[in-house]
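Okay, predicted coordinates and the sequence, questions at the end:
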Number of protein chains: 2
Amino acid sequence: MTQIYNRVALIGLGLIASSMCHAMRRAGLAGEIVGYARSAETRAIAREINLCDHVYDSAVDAVKDADLVVLCVPVGAMGAVAAEIGPALKPGATVSDVGSVKRTVIDAVAPHIPQGVHFVPAHPLAGTEHSGPRSGFAELFDNRFCIIVPAEGSDRAAVGRVSDLWRGMGSNVDEMDPDHHDLVLAVTSHTPHLIAYTMVGVADDLSRVTDSEVIKYSAAGFRDFTRIAASDPTMWRDVFLNNKDATLEILGRFTEELFALQRAIRQGDGDHLFDYFTHTRAIRRSIVEAGQDTDAPNFGRGPAKPK
Amino acid sequence: MTQIYNRVALIGLGLIASSMCHAMRRAGLAGEIVGYARSAETRAIAREINLCDHVYDSAVDAVKDADLVVLCVPVGAMGAVAAEIGPALKPGATVSDVGSVKRTVIDAVAPHIPQGVHFVPAHPLAGTEHSGPRSGFAELFDNRFCIIVPAEGSDRAAVGRVSDLWRGMGSNVDEMDPDHHDLVLAVTSHTPHLIAYTMVGVADDLSRVTDSEVIKYSAAGFRDFTRIAASDPTMWRDVFLNNKDATLEILGRFTEELFALQRAIRQGDGDHLFDYFTHTRAIRRSIVEAGQDTDAPNFGRGPAKPK
């Protein structure tokens, strides 16, 4: 793989940025990788583990000579970061981001991008339940999708280079418009996360079932929800506040369906339940066939280690 | 491990029964294991893979000389099977089951157990998204819990032997009364499954998002739901019909919490969301510490294989 950018600056050094460091290095995609994180502790960890070539104490210093600047901060912080770095961006540079919501990020960031700098929003659909600079690994994006959401009038050459970067990091690249992106993600990511958080909260609050029972007996389904509900709270708060309309729409449909199933249970309508459960089985097969999940039972988790 | 039963008969030869075959053999817990399944196809597969020592064409023949009979059929079929085999049970034998609901199973099975035969209901909290006699494996129960739910006046020696069998198959054993069992499982298993089925159904029905998009972009959270929603439809139909009250109660609490979060999203109340999401993170840690799940990112699934 050939180098695509001479100097890449990552603003924010969490799971996605640290995985990008490892993935760019693995493929030799960047001449130099520099970074910045708002928290002094995060910067110290990034330096300690030699995450990138240089960690700056200010975002402005980090972006100064960068050919590509990637905003890897929570969605709600994108606008303020863009305002801060805008005046320091090098002419001809490209700004991208990795936010899970695209419409509000574009609206917040675009006004701060100076003439002669390209803005190419992107969203890698990959993650784990772990956070912070130590959580990154080079394989995170392998065979996952990165959705590029070109802003109005985005320079095609700049879009092409960002796409090449993601392909070089192992991803498949698709393009989408921002509103469709936000709807698709409300279905495949945002609403599932909200539901998982809710279910875990309910289990925790039910006084007649002790926490210890919830924990001991979690292997019968519940533990899968707790993985998603362990995701970064700041990131997810911002996702819901910034993808309000699409999330509320999907939530509305979800509760409608849930009420129909609840009614079937109350009325003892086994045929309705059976048909619904048969129908949903097929999607799993398609996801496994598309290489987006493992067919190994229980995701290939072995038996838990003895206590 | 010493042999606990001379002859064990498994009625129903799906995931749980076939895993029991492998686990009992691994530890030498049974002198002989025989089986019966209602479907001729299942019986043929069981014979082909030598799942147990003998597969009978009738449940009555299978249980005749058995010291332990385990009912491994969907919860809704337990009563009819018990009625059929009741008269053929050997005096002094024990009947157990592996149903995910206990109150209705006890009510349906107990009347058919003759004097001098012991009934010891049980529920191993283990499973995968796969079904049928080929899906079993010896490690399924390792370090998982099996809940024994002794019926009114259960013989303590018979309860002890069933408990020893499950310990010998790798499980931790707890005892519980039927109503509490059904409530705990409604929280840790039944409601999570219903929610996962619902979310997958919503995604499949949303015409503005194509199935292909749902599948391609599933790694951002949705795919975890599809695993649970790939579970056996007959088994789960019966679970909901037979644990109606507890499931409806937990569903009521779930929608109440979901509406509170939905309201926070609509009103832009980020603090409420952040506090909720922080709170639910701790349970995950406890489950991993209790040895009930892996701490590896994404359950240790590697990157998907290239297509």
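In hand now; what should we look at?

I figured A:Pro133 hits A:Leu10, correct?
No: counting by CB atoms under 8 Å, A:Pro133 stays clear of A:Leu10, with 10.2 Å between them. C-beta here means a position set from N, CA and C on the backbone, and glycine is covered the same way.

list residues touching both of the two?
Common contact partners of A:Pro133 and A:Leu10 (CB atoms under 8 Å, 6 or more residues apart in numbering or on different chains): A:Ala17.

For the two, work out which one has more neighbours and name it.
Between A:Pro133 and A:Leu10, counted using other CB atoms under 10 Å in any protein chain shown, A:Leu10 has the larger neighbour count: 32 against 27.

what residues are up against the more buried one?
A:17, A:20-21, A:33-36, A:52, A:62, A:70, A:72.

tell me the secondary structure for it?
At A:Leu10 the chain is in strand, as set by DSSP: H, G, I helix; E, B strand; the rest coil.

who does it bridge with?
Assessed by DSSP bridges, A:Leu10 has beta-bridge partners A:Gly35, A:Val70.

Can you check the pLDDT for it?
Per-residue pLDDT puts A:Leu10 at 98.

And it, how far from A:Leu29?
13 Å (CB to CB, to the nearest Å).

Please give the element, helix or strand, for A:Asp238.
Under the criterion of DSSP states H and E, A:Asp238 resides in helix A:233-242.

Show me what secondary structure element comes after that helix.
Using DSSP H and E, the helix or strand that follows helix A:233-242 towards the C-terminus is helix A:244-267.

So which elements touch that next one?
With contacts taken as 3 or more CB pairs under 8 Å, 6 or more residues apart in numbering or on different chains; DSSP states H and E, helix A:244-267 sits against helix A:178-185, helix A:191-205, helix A:270-279, helix B:191-205, helix B:244-267.

out of the ones you listed, nearest to B:Gly291?
helix A:191-205 (18.5 Å; CB to CB).

Now A:Phe145. Its backbone dihedrals?
phi -90, psi 140 (degrees, to the nearest 10).

Can you report how many residues lie near it?
By other CB under 10 Å, 21 other residues sit near A:Phe145.

Over to A:Arg281?
Burial of A:Arg281 is recorded as 18 neighbouring residues (other CB under 10 Å).

quick one: it from B:Ile49, how far?
23 Å.

just the CA coordinates of stretch A:151-168, formatted as PDB?
Output of stretch A:151-168 as PDB, limited to C-alpha atoms (Å, rounded to 0.1, in the frame of the first residue of the first chain):
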ATOM      1  CA  ALA A 151     -21.000  17.400   1.900                       C
ATOM      2  CA  GLU A 152     -22.600  19.700  -0.700                       C
ATOM      3  CA  GLY A 153     -19.900  20.400  -3.400                       C
ATOM      4  CA  SER A 154     -17.200  18.200  -1.800                       C
ATOM      5  CA  ASP A 155     -14.100  17.900  -4.000                       C
ATOM      6  CA  ARG A 156     -14.200  14.500  -5.700                       C
ATOM      7  CA  ALA A 157     -10.400  14.100  -5.500                       C
ATOM      8  CA  ALA A 158     -10.500  14.700  -1.800                       C
ATOM      9  CA  VAL A 159     -13.400  12.300  -1.400                       C
ATOM     10  CA  GLY A 160     -11.400   9.700  -3.300                       C
ATOM     11  CA  ARG A 161      -8.400  10.000  -1.000                       C
ATOM     12  CA  VAL A 162     -10.400   9.700   2.100                       C
ATOM     13  CA  SER A 163     -12.100   6.600   0.600                       C
ATOM     14  CA  ASP A 164      -8.600   5.200  -0.300                       C
ATOM     15  CA  LEU A 165      -7.500   5.700   3.300                       C
ATOM     16  CA  TRP A 166     -10.400   3.700   4.700                       C
ATOM     17  CA  ARG A 167      -9.900   1.000   2.100                       C
ATOM     18  CA  GLY A 168      -6.300   0.900   3.100                       C
END
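
Counting neighbours, show which residues of that stretch come out buried.
By 16 or more other CB atoms under 10 Å in any protein chain shown, the buried positions in stretch A:151-168 come out as A:151, A:154-155, A:158-159, A:161-168.

now stretch A:178-196
A:178, A:180-196.

got it, and stretch A:45-53?
For stretch A:45-53, the neighbour count (16+ other CB under 10 Å) marks A:45-46, A:51-52 as buried.

Tabulate these in JSON lines, adding columns for distance to chain B.
Listed next are the buried residues of stretch A:45-53 as JSON lines, based on distance: CB to the nearest CB, whole Å:
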{"residue": "A:Ile45", "distance to chain B": "17"}
{"residue": "A:Ala46", "distance to chain B": "19"}
{"residue": "A:Leu51", "distance to chain B": "17"}
{"residue": "A:Cys52", "distance to chain B": "21"}
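
could those be laid out in a markdown table, adding pLDDT and secondary structure?
Output for those, formatted as a markdown table (pLDDT from 0 to 100; DSSP: H, G, I helix; E, B strand; the rest coil):
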| residue | pLDDT | secondary structure |
| --- | --- | --- |
| A:Ile45 | 98 | helix |
| A:Ala46 | 98 | helix |
| A:Leu51 | 97 | coil |
| A:Cys52 | 96 | coil |
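
Low-confidence regions, chain A specifically.
The model of chain A has pLDDT under 70 over residues A:1, A:301-307.

mind giving me the domain split of it?
A:5-176, A:180-295 (automatic domain parsing).

next one: the shortest one to chain centre, how far?
It stands for domain A:180-295. Relative to the mean C-alpha coordinate of its chain, domain A:180-295 is positioned 17 Å out (CA atoms, centre = their mean, to the nearest Å).

Straight-line length of it, end to end?
Taking CA to CA, to the nearest Å, domain A:180-295 runs 29 Å from one end to the other.

Same check on the longest one?
Chord length of domain A:5-176, first to last residue, is 24 Å (CA to CA).

can you check stretch A:208-228 too?
Its start and end residues considered, stretch A:208-228 measures 25 Å (CA to CA).

any residue of it up close to chain B?
Yes: on the criterion CB under 8 Å from any CB of the partner chain, stretch A:208-228 is in touch with chain B at A:208-209, A:211, A:213-228.

ranges for the helices of chain A?
Under the criterion DSSP state H, chain A carries helices at the ranges A:15-27, A:40-48, A:59-63, A:78-85, A:103-109, A:156-168, A:178-185, A:191-205, A:211-216, A:222-228, A:233-242, A:244-267, A:270-279, A:281-289.

Including distance to B:Asn6, could these go into TSV?
Output for those, formatted as TSV (distance: least, CB to CB, whole Å):
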stretch	distance to B:Asn6
helix A:15-27	55
helix A:40-48	61
helix A:59-63	74
helix A:78-85	69
helix A:103-109	68
helix A:156-168	63
helix A:178-185	58
helix A:191-205	42
helix A:211-216	32
helix A:222-228	37
helix A:233-242	56
helix A:244-267	42
helix A:270-279	38
helix A:281-289	39
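
between these, which one is nearest to B:Asp295?
helix A:222-228 (10.1 Å).

mind listing what's buried in the closest one?
Neighbour-count burial for helix A:222-228 flags A:222-228 (criterion: 16+ other CB under 10 Å).

Stretch A:82-93 too?
By neighbour count with 16+ other CB under 10 Å, stretch A:82-93 contains the buried residues A:82, A:85-86, A:88-90, A:93.

Tell me the one among the residues you listed nearest to chain B.
For the buried residues of stretch A:82-93, the closest approach to chain B (CB to the nearest CB) belongs to A:Ala82, at 19.8 Å.

for that closest one, what are its contacts?
So A:Ala82 contacts A:71, A:95, A:108-109, A:112-113 (CB under 8 Å, 6+ apart).

Nearest to chain B, out of those residues: which one, please.
Chain B lies nearest to A:Ala108 out of the contacts of A:Ala82, by CB to the nearest CB, at 14.9 Å.

what's the closest non-adjacent residue to that closest one?
A:Gly79 (3.2 Å; CB to CB, 6 or more residues apart in numbering or on different chains).

What of A:Tyr56?
Closest residue to A:Tyr56 apart from its sequence neighbours, by CB to CB, 6+ apart: A:Ala62 at 4.1 Å.
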